[in-house]
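Participant: Whatever this is, show me its structure:
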Amino acid sequence: MTGGAYDFERATTSLTSLSISSSKKVTLVRHGLSSWNEESRVQGSSNLSILTETGVRQAERCRKALTSMHFDQCFSSPISRAKNLEAVDAKERYPKEYTTWREDPANFCVNGVYPVRKLWGTAREAWREILLSPGESFLVVTHKSILRSLICTALGLPPERFRAIDVNNGGISVFNFNKRGEAMLQSLNMTAHMYNDHVYLY
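Facilitator: Numbers count the residues shown, from 1 in each chain. Down below sits the predicted model:
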């Protein structure tokens, strides 16, 4: 055998701790460009950031790129954009905290909470919910930070590796999971569909 993996048993640890009914394919998609993405501002769960015209076009390109795919279930971000949160320019108002967020996100702390570490727990719970759901093919559409944590947890990377993964707006990543809930990354941050009428067949 040359050039390919025979099997991915024990390549990563199980995300379910249980056997699952069948192997699974999970497609992860980052939302289109938002107004705060365009300004390089931290969005968090703010309701004030909306898709730009470019973001709407990116979302449409993603939809078209995935038209040949069948998904048994689709999951999307649980973040409510209807919450009343103050818009803050964190870089100016909290320069020390902003620097920690940019340079050492795993140790960034707000009121005793480590948001990136918390994301790892959220990602593990999300994987468990997805993988234990009926079906074999899933679509997940969400935000950059949770996508980073989903990808890293699937690959067994710790919160300190948060910035080791980047996902562009409209970027598509695909994982395959065996019946033990172990992940194999098939593709990361595919963006060909952003530049032409590419349709994915996998």
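
Participant: all helices of the protein, in order?
Facilitator: 35-38, 53-65, 90-93, 95-103, 115-131, 144-155 (DSSP state H).

Participant: any weak-confidence spans in this protein?
Facilitator: 1-11, 39-48, 78-90 (pLDDT under 70).

Participant: centroid residue for it?
Facilitator: The centroid of the chain falls nearest to Leu147 when counting by CA atoms, centre = their mean (1.5 Å).

Participant: what number of residues lie near the closest residue to it other than its chain neighbours?
Facilitator: Ranked by CB to CB, 6 or more residues apart in numbering and with sequence neighbours excluded, the top spatial neighbour of Leu147 is Val167, at 4.8 Å. Glycine gets a C-beta too; all of them are placed from N, C-alpha and C. For Val167, the neighbour count with other CB atoms under 10 Å is 22.

Participant: Leu15 now?
Facilitator: Neighbours around Leu15, by other CB under 10 Å: 26.

Participant: which residues sit in contact with it?
Facilitator: Arg124, Trp127, Arg128, Leu131, Thr153, Ala154, Phe177, Gly181, Glu182, Ala183 (CB atoms under 8 Å, 6 or more residues apart in numbering).

Participant: what does Arg163 give?
Facilitator: Each residue near Arg163 by CB under 8 Å, 6+ apart is listed here: Pro105, Arg148.

Participant: Need the phi and psi values for the residue nearest to Leu147.
Facilitator: With angles defined as degrees, to the nearest 10, Val167 sits at phi -130, psi 120.

Participant: any idea how far it lies from Arg93?
Facilitator: 27 Å (CB to CB, to the nearest Å).

Participant: swap in Phe175?
Facilitator: Distance from Phe175 to Arg93, by CB to CB: 38 Å.

Participant: before we move on, what about Leu131?
Facilitator: Taking CB to CB, one finds Leu131 at 40 Å from Arg93.

Participant: who's more crowded, the two?
Facilitator: With neighbours defined as other CB under 10 Å, Leu131 and Arg93 compare such that Leu131 has more, 20 against 9.

Participant: didn't Asn189 look like it was pressed against Asn169?
Facilitator: No: between Asn189 and Asn169 no contact is recorded; they are 10.4 Å apart, counting by CB atoms under 8 Å.

Participant: for the nearest residue to Tyr200 once chain neighbours are set aside, what are its contacts?
Facilitator: Excluding the flanking residues, the one nearest Tyr200 by CB to CB, 6+ apart is Ala65, at 5.5 Å. Ala65 makes contacts with Ile172, Ala192, His193, His198, Val199, Tyr200, as judged by CB under 8 Å, 6+ apart.

Participant: What is the most widely separated pair among those residues?
Facilitator: Pairwise distances across the contacts of Ala65 (CB to CB) peak at 11.6 Å, for the pair Ile172 and Val199.

Participant: and Lys96, how many residues sit next to it?
Facilitator: By other CB under 10 Å, neighbour count at Lys96 equals 7.

Participant: Return the distance of it relative to Arg180.
Facilitator: 44 Å.
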